[in-house]
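S.K.: Sequence first, predicted coordinates after that:
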Amino acid sequence: MLVTLRDIRPVNDVTELLYPREQFYARDRRSVPAARRFAAQSLRCWGLSDWARADDVSLCVSELATNALLHGVPPGRGFLLRLRYDGGVVRVEVHDSGPGVPKIAEEAYGEGGRGLMLVAALADKWGVCERELGKVVWAELRDAMTPYAEGGARVGDGLDDL
């Protein structure tokens with residue numbers, strides 16, 4: 001059975017700058033760098049390629065995509081990366097079909113266990129939402145000049161409404 005790296009679903013029109021851009025990725029190690037490239041392309045489409053937080057977005061995409069592949073994508077399935085830009089805030093969402101609620105590791109030894117720790121340190125807000133099958137892990141990064149209405153409180157280590 002031939003499995004492609006990415007689904008051929010159309011990406012939102014470049015002229016629809018504030019609408020989400022999304023791409024589906026197969027359970028494949030090449031999906032993580034492809035997701036980072038897609039995030040960079042999305043930032044360019046939104047005129048944010050030189051944004052001070054562009055590297056933070058890339059790292060959050062990389063970590064959330066890696067976590068989905070390692071823990072949230074059963075064999076034969078994939079994950080959806082959705083990016084939104086609205087009101088000075090970039091939202092990164094990774095949708096997968098795996099069970100469980102990701103949590104920041106209390107102690108990270110060896111090669112793993114630091115992904116959500118990095119996301120929590122870089123993002124202004126992050127959290128997990130339930131789906132009918134699986135979950136959505138998300139992170140929001142805002143422009144320094146864009147305050148959150150609720151005062152910029154962090155969210156994490158639990159379920160949150162989308």
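M.R.: Structure's in. What do you need?

S.K.: Could you give me the buried positions within stretch 36-46?
M.R.: Neighbour counts over stretch 36-46 (16 or more other Cβ atoms under 10 Å) mark 36, 38-43, 45-46 as buried. Backbone N, C-alpha and C define where each C-beta goes, glycine included.

S.K.: So which of those residues is the closest to Tyr85?
M.R.: Looking at these and their distance to Tyr85, the nearest is Trp46, at 4.6 Å (Cβ to Cβ).

S.K.: Isn't the closest one up against Arg84?
M.R.: No - taking Cβ atoms under 8 Å as the definition, Trp46 is not a contact partner of Arg84, at 9.6 Å.

S.K.: what sits in contact with each of these two?
M.R.: Shared contacts of Trp46 and Arg84, defined by Cβ atoms under 8 Å, 6 or more residues apart in numbering, are found at Val90.

S.K.: still on that earlier bit, just the closest of the buried residues of stretch 36-46 to Arg77, please.
M.R.: For these, the residue nearest Arg77 by Cβ to Cβ is Phe38; the value is 18.5 Å.

S.K.: can I assume that closest one sits in a helix?
M.R.: Yes - assignment of Phe38 by DSSP: H, G, I helix; E, B strand; the rest coil places it within a helix.

S.K.: Just say helix, strand or coil for the closest residue to it other than its chain neighbours.
M.R.: The shortest distance from Phe38 to any non-neighbouring residue, by Cβ to Cβ, 6 or more residues apart in numbering, is to Gln23 (5.1 Å). Put simply, Gln23 is strand when judged by three-state DSSP.

S.K.: which residues in the chain form strands?
M.R.: Secondary structure of the chain (DSSP state E): strands at 21-26, 78-86, 89-96, 125-130, 135-142.

S.K.: Is it possible to get a markdown table of those strands that adds mean neighbour count and mean pLDDT?
M.R.: A markdown table is the format used below for the strands of the chain (neighbours: other Cβ atoms under 10 Å; pLDDT from 0 to 100):
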| stretch | mean neighbour count | mean pLDDT |
| --- | --- | --- |
| strand 21-26 | 20 | 96 |
| strand 78-86 | 21 | 96 |
| strand 89-96 | 22 | 96 |
| strand 125-130 | 19 | 94 |
| strand 135-142 | 22 | 96 |
